[in-house]
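1. The following block contains a protein sequence and its predicted model.
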Amino acid sequence: MGNWRTIHIVGSCDPAEVGALEERLCVDYMGDDGFENWGPLSWSPTGSLCGVNSWVAPTMNVVGNLSERDYTPEDVAQELRRLVEVAPSLTLLVHCGDDWESTECVATVVVAGGNVTVEDPQVNHLREVTPDESAARVAALFEGRA
């Protein structure tokens, strides 16, 4: 167990930039990548049951936990500041739940026009992972893909 933070990512990215973001965020920490690129929004190629996993797409609406324990909304913002250098079109709202996987929103990280800011919550509560999303995550783990 640990102090995981749940987030809800809503937004978009130019399809031409999706591959570069995926390359930056998918880190095989058991392989040659090590942890030098690991951050709160990263994922492992093996995926996880509760993480956001492979969240990058032209249109995004995904809920899950950050990649590791004890990350803050400011940690999320710091990583997004690095990611807009890779994908300048990135436009996101990242609603951050409170400590210990709470769905009570404590901050919204806004990404627009290359700028990243941590703002007051724009929603009261994060949406929950749907049964279909949960089933897809289980299936992906058994298939060996995230």
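-> Okay, I see it. Numbering: from 1, shown residues only.
2. Could you use CA atoms for every contact and neighbour count after this?
-> Fine.
3. what about the helices in the protein?
-> With DSSP state H as the criterion, the chain has helices at 15-25, 73-86, 131-143.
4. Would you mind saying which of those lies nearest His8?
-> For His8, the closest of the helices of the chain is helix 73-86, at 11.8 Å, according to C-alpha to C-alpha.
5. Mind pulling the model confidence for Asp28?
-> As predicted, Asp28 sits at a pLDDT of 77.
6. Can you name the residues that contact the residue lying closest to Leu80 once chain neighbours are set aside?
-> Spatially, and ignoring its direct neighbours in sequence, Leu80 is nearest to Val116 (6.9 Å; C-alpha to C-alpha, 6 or more residues apart in numbering). Taking C-alpha atoms under 8 Å, 6 or more residues apart in numbering as the criterion, Val116 is in contact with Ala77, Leu80, Arg81, Val109, Val110.
7. in the sheet, who's paired with Val116?
-> For Val116, the beta-bridge partners are Val111 (DSSP bridges).
8. Okay, it and Gly64: tell me how far apart.
-> When C-alpha to C-alpha, to the nearest Å is applied, the distance between Val116 and Gly64 equals 20 Å.
9. before we move on, back to that, report the buried members of the contacts of Val116.
-> Listed as buried from the contacts of Val116 are Ala77, Leu80, Arg81, Val109, Val110; burial here means 16 or more other C-alpha atoms under 10 Å.
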